[in-house]
Structures are given as C-alpha cells and as structure tokens.
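Trainee: Below are the sequence and a predicted model for it; my questions follow.
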Amino acid sequence: MIDAKAARNDPDVYRVALARKGAAEAFDAWLTADERWRELVPRVDDLRSRQKLQGKPTPEQVEELKQIKEELRETEQELAAAEADRDAALEALPNPPHPDVPDGDTEDDAVEIRRWGELPALEHPRDHLELGRFEMERAARLSGSRFGYIVGDSALLEQAIFRLAVSRLVDDGFTLMRPPVLVREQAMYGTGFFPTEKSNIYEIPTDGLYLTGTSEVGLAGFHMDEILDAEALPLRYAAYSTCFRREAGAAGKDTRGMLRVHQFDKVEMFVHCRPEESWDEHERLLAIEEELAQAVGLPYRVVDIAAGDLGAPAARKYDVEAWFPSQERYREITSCSNTTDFQARRLQIRYRANGGPQPVHTLNGTAATDRWLLAVLENFQREDGSVDVPEVLREHGAPAEISR
RNA sequence: GGAGGGGUGGCAGAGCGGUCGAAUGCGGCGGUCUCGAAAACCGUUUCGGGCGGUUUCGUCCGACGAGGGUUCAAAUCCCUCCCCCUCCGCCA
C-alpha cells in the first residue's frame, strides 16, 4: 500500500502518478474516505479520554460516565465504518510508477532497452517438443492439461540451469532458501497476491492452505512484522522452489508444450534494502539476469514495462525476453520489479532509521525457470534436430548433447 | 487421531478488575571511571495513529495472539477463532 501521510501532503503528485496506472478516481475516493476518517478520530479520542478515570468514581461520576459510554459506542461505530471504507480504498491503490516508466497500458507499450546476442540462423527451427524429451500426453493422463514430464537428458539440462543460477547467486552473496510452497491465506493477503490473483492460485480447502505461484511469497513473508537491523541491509535471498499457477484466463494461450504450465520450477531473487538503495538494487537484479542469459548464451532483449501494464505492487519492471526461433519472437524468461515500500508497508517489514522505524524497499526478480530450458533447446539446436548444449551448462551437469 | 500446556516489550519472565504500556533479569544505547578495555555504578530503551511544531519535539488516543462480550473501568472475567509447544499413537 502507499504512504498515506505522503499522499495526503502531496495529493496532486500522487494523483498524476496513479493516473498512469488508471487509478486517479480510486485515489480521489481514498482521499474522501480518509478525510471522513480523520474527522472522526479526534472525536473518539476525546470521548475516550473523558471516559478514563483513575480509581473509584463517585456515584455521580458513574452516571456521567455511563452517558459518555453511550455516545462513545455510537461514535466508535461510525469510526469503524469509516475506517473500513478508508482501508478498502487504500488497498485498491497501486504503487505509483517511477517517473521514467514508459506510458501505455499493454505489453506492446513496453520500451525495448537493448538487445544482446545473435539470433541463430535456422532453416527449419523446431520447438522444444521436437528437441527435448517431454511427456505431455502421459502427464495429461496423470494430471490433466498443462502438465508435463521432463525426461532424461532434458531433465539433466534443466537441473544444470538451476544449478548455474543458484551458484551465481550464492557467489553474489545471496542466501539460498528452500521455502514452504504451501501457505496460509494470511500469507497470500500479506504478500499482496490476494485478493487480485486469487483466481490463479490453487487451494487446498481441507487444510485451508494455498500453493504458491512463486517463491516470492515465501521470501517476502520471511520477515513479515519484523523490524530489521539496519546494518544487515541489504538482505539478498534466493529461493529454488516449485511454482503452481492455475493460468485462469489464459485459455487457448500457449497451449502447446511446456511454455505455460500449471507447475514449474524457478530460482527467484528477493531483496530487502534501504529506500535510497533500491533503484541501484533494481539495476543490479537486472544485471544478474542478463549475466545469466549471457553466460548461457541466449539471445535476448530487455524491455521496460509500461506503467499501465505493471502489476499493482511494481513501481518499475524489466523483463528479459529470450528469442524463441520456433515462434520467431522474444518471450519472457525473467522479470524483475522494484516494489519500493509497497509490499513492505503491507507486510510491516521495517528497519530502524534515524527518525524511527520505516518500511524497507523490496525487490524481486527471476534468476531462471523451466522456460530457460526451452530457450536453450531452441537456440542451440542443430539442423538435424540435436542440441549442442552450452559449455557452462555441461560444467553444471548437463549432457553435451541432447537428442530425443 | 488421543491427552495436556501455553501465547505479555529485542529475549527471558512477573502481573490475574482501577494507581499496569506493564515489575525484575538479560540484551541494546548514553554516561562516570580508565592510557584504552573489562568489571562496577548511574541513566535510558516498545509500536501504531490523530492534532500541533517541524530532522531526532509536544500532546491526546490505541495496542499484553485476533475478534466479540460483561463493566463506569479489562493484560486481568466470559465467548469464538487463530497460533505455538509437550506426551502417546500412526506414518515417514
């Protein structure tokens, strides 16, 4: 959530920024609700202070106090209602975008920042199903559509990608975690995935638990309700976990193969830092993502996501998109966001600054996912359908060559 | 699955209707002492919100797992929920 005090002090600045995410009206609604709330607060506080009394009251005082009690009960009810309105209005507001974020509302409005690598020259590019070994039909028999087995050398290659990513991150000072992927509803709300992403999350009703769609939940929730030691910042975490997504609303999209499945694995980065460091950290995360793509040798481009296409928590987001020869286009393989204090405020993750505790900034980014496997297969394929695995991945346990 | 114990400040741990935002110990911070340090001693040390002043301020309100209730008054009594722990059984 946004900083209410700052927004009250500078409503025009906030309105203009939020308008870029289509939330100008929502902001005005919050301002109105907030004003109403602030009108009631002093009234309730005053009644409460009159109600306070040290020691035993005289019978006359008891009569007077009973009257105050009645009045207080009514006013408190009004306040509670006003507070609910105000909180609901506040929670509906997205994080204002960074000023440099491009305008626009769709994927196509993203601005390309740079390209790296040479596109492979292929007469007849095959896609991953024709290059690696994936068992889609058997998986469907077992689990339904949008599930897949990754088999044999393909699975070894996948593991090598994750091992490469993890060792790079550990070398960079990230602490590796294996987080729970089954979490409570409270954690989903706290990390901001509920209510907006609810339709994309698997639920285990028997136990009231939910499968996380990203280990960001586990990493963001790790320090929930804590006041961190300022000296310890920045805290850089990496998690390797399975991710579960229902892909509601993606019907008909990427239905072939494993590009978009209900279950995949991911190495995720997550940073808690001081506010003044977060934009540098954001560039750093992007740099790590690019380094990994370069280490593997995937041709890619970096895009700066348009304001209206950012999720609610992100103030800025870069995607790294790898070239997929079979589709003749770039597809997202990583994404890194600076959520500034938006997530930290909601999760109450703070650090001790000079003026007292204040929210940290949090950032998240992808280091590698199963999609990287597909990108590697496609980009290093030979005309005969075999795949020449990059040396760096062989060093991490991948076979030198993949064929079906 | 069965039986029991418990949730209080950074931690440990008292309090069990008003004088308790909360004893005490540890830790942290500042100071005295010292060439310096340790020890000792003195002081200080929760978070959130409104309003006012405005870099480390004042004032009022709220918070003792969460939410309701009783009462003039609740950390303390009642109800509901959540969480943690121990033992037994079962399964890894």
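Mentor: Good, I have the coordinates. Here the structure is a predicted model, which means the values were calculated and not measured. Numbers count the residues shown, from 1 in each chain, chains lettered A, B, ... in the order given.
Trainee: where along the stretch 151-300 of chain A do the strands fall?
Mentor: A:175-177, A:182-184, A:202-204, A:209-211, A:227-228, A:235-244, A:263-273, A:300-304 (DSSP state E, counting those that start in this stretch).
Trainee: Now residue A:375. Nearest residue, chain neighbours left out?
Mentor: Excluding its sequence neighbours, the residue lying closest to residue A:375 (C-beta to C-beta, 6 or more residues apart in numbering) is residue A:322, at 4.1 Å. Backbone N, C-alpha and C define where each C-beta goes, glycine included.
Trainee: The one you found: neighbour count?
Mentor: If you count neighbours by other C-beta atoms under 10 Å, residue A:322 ends up with 23.
Trainee: Would you mind giving both backbone torsions of the residue in the stretch 251-400 of chain A positioned nearest to RNA strand B?
Mentor: Using C-beta to the nearest atom of the strand, the single residue of the stretch 251-400 of chain A nearest to RNA strand B is residue A:357, 3.9 Å away. Dihedral pair for residue A:357: phi -60, psi 140, per degrees, to the nearest 10.
Trainee: beta partners for it?
Mentor: In this entry, residue A:357 is beta-bridged to residue A:352, by DSSP bridges.
Trainee: quick one: low-confidence parts of chain A?
Mentor: By pLDDT under 70, the weakly predicted segments of chain A are A:53-64, A:354-355.
Trainee: Go through it and flag its longest helix.
Mentor: The residue-count maximum for a helix in chain A (DSSP state H) belongs to helix A:59-91.
Trainee: who does the helix or strand immediately after that helix in the chain touch, helix- and strand-wise?
Mentor: Next helix or strand after helix A:59-91 toward the C-terminus (DSSP states H and E): strand A:111-116. Of the remaining helices and strands, those touching strand A:111-116 by 3 or more C-beta pairs under 8 Å, 6 or more residues apart in numbering; DSSP states H and E are helix A:278-296, strand A:300-304.
Trainee: how big is the angle separating the one helix or strand the residue nearest to residue A:375 maps to from helix A:278-296?
Mentor: Using DSSP H and E, residue A:322 falls within strand A:316-324. Put simply, strand A:316-324 runs at 10 degrees to helix A:278-296, going by axes from the mean of the first three to the mean of the last three C-alpha atoms, to 10 degrees.
Trainee: which strands and helices sit next to strand A:316-324?
Mentor: Applying 3+ C-beta pairs under 8 Å, 6+ apart, we find strand A:316-324 packed against helix A:278-296, strand A:300-304, strand A:329-338, helix A:370-379.
Trainee: can you rerun that using 10 Å?
Mentor: Applying 3 or more C-beta pairs under 10 Å, 6 or more residues apart in numbering; DSSP states H and E, one finds that strand A:316-324 contacts strand A:111-116, helix A:278-296, strand A:300-304, strand A:329-338, strand A:361-369, helix A:370-379.
Trainee: What residues does the residue nearest to residue A:375 make contact with?
Mentor: Applying C-beta atoms under 10 Å, 6 or more residues apart in numbering, one finds that residue A:322 lies in contact with A:117, A:293, A:296, A:298-301, A:330-334, A:371-372, A:374-376, A:378-379.
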